[in-house]
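Engineer: Sequence and predicted structure below; questions after.
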Amino acid sequence: MNLNERILEDLKTAMKARDSVALNVVRGLKSAIKYAAIEKLGAEGNLEDADVIVVVRREIKKRQDSVSSYQSAGRQDLADTESAEIAVLEKYLPAALSAAELDALVDSVIAEVGATSKKDMGAVMKLLQQRVAGRAAGGELSAAVGKRLS
């Protein structure tokens, strides 16, 4: 079952269970995926799993930004709601890489590309993002590469 089918099944399950948080989040995610598909492939296109993961990460990032904004404004109730939505979205992400796995992957990509300084970071990041395939956030990758190439 691909990610689009899984999201559709989870939408049906949330409807049957009357789980309003999951239902709203999955509906919003489905809509965001459809907008991304239209933008990339046209009205009849369907995104591959890798592209769906990018959309899921974008939705999580939006909610993480909201959590920090709500917490700084003293609205813990809204921050908790956003955190619950993040938990629903995170189940669509593949298993995250451990720190050791990420370090080993970064080292191997740097060696493969032959990077020696920060100016080579773009080439390293491009290849690394292909290899990671959504199992680590871009910020994590960037920090790990930056630490090695400094």
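Structural biologist: That came through, no problem.
Engineer: correct me, but Ala115 touches Leu149?
Structural biologist: Yes: using C-beta atoms under 8 Å, Ala115 makes contact with Leu149 at a distance of 6.0 Å. C-beta here means a position set from N, CA and C on the backbone, and glycine is covered the same way.
Engineer: joint contacts of those two?
Structural biologist: Listed contacts common to Ala115 and Leu149 are 121, 124; contacts here mean C-beta atoms under 8 Å, 6 or more residues apart in numbering.
Engineer: Of all residues in this protein, which one is nearest the centre?
Structural biologist: Arg57 (2.1 Å; C-alpha atoms, centre = their mean).
Engineer: Which residue, neighbours along the chain excluded, lies closest to that residue?
Structural biologist: Leaving aside its sequence neighbours, Arg57 sits nearest to Ala137 (C-beta to C-beta, 6 or more residues apart in numbering; 6.6 Å).
Engineer: right, and that neighbour touches Arg58 too?
Structural biologist: No: using C-beta under 8 Å, Ala137 makes no contact with Arg58, being 10.9 Å away.
Engineer: So those two - more neighbours on which side?
Structural biologist: Ala137 (16 against 12; other C-beta atoms under 10 Å).
Engineer: Could you list the low-confidence segments of the protein?
Structural biologist: Filtered on pLDDT under 70, the chain yields no residues whatsoever.
Engineer: can you pull out the helices in the protein?
Structural biologist: Ranges of helices in the chain, per DSSP state H, are 3-17, 20-41, 49-72, 76-90, 99-113, 121-132, 138-149.
Engineer: Asp65 versus Pro94, what's the distance?
Structural biologist: Shown here: Pro94 relative to Asp65, a distance of 22 Å by C-beta to C-beta, to the nearest Å.
Engineer: Equivalent analysis for Arg135, please.
Structural biologist: Arg135 is 22 Å from Asp65, where distance means C-beta to C-beta.
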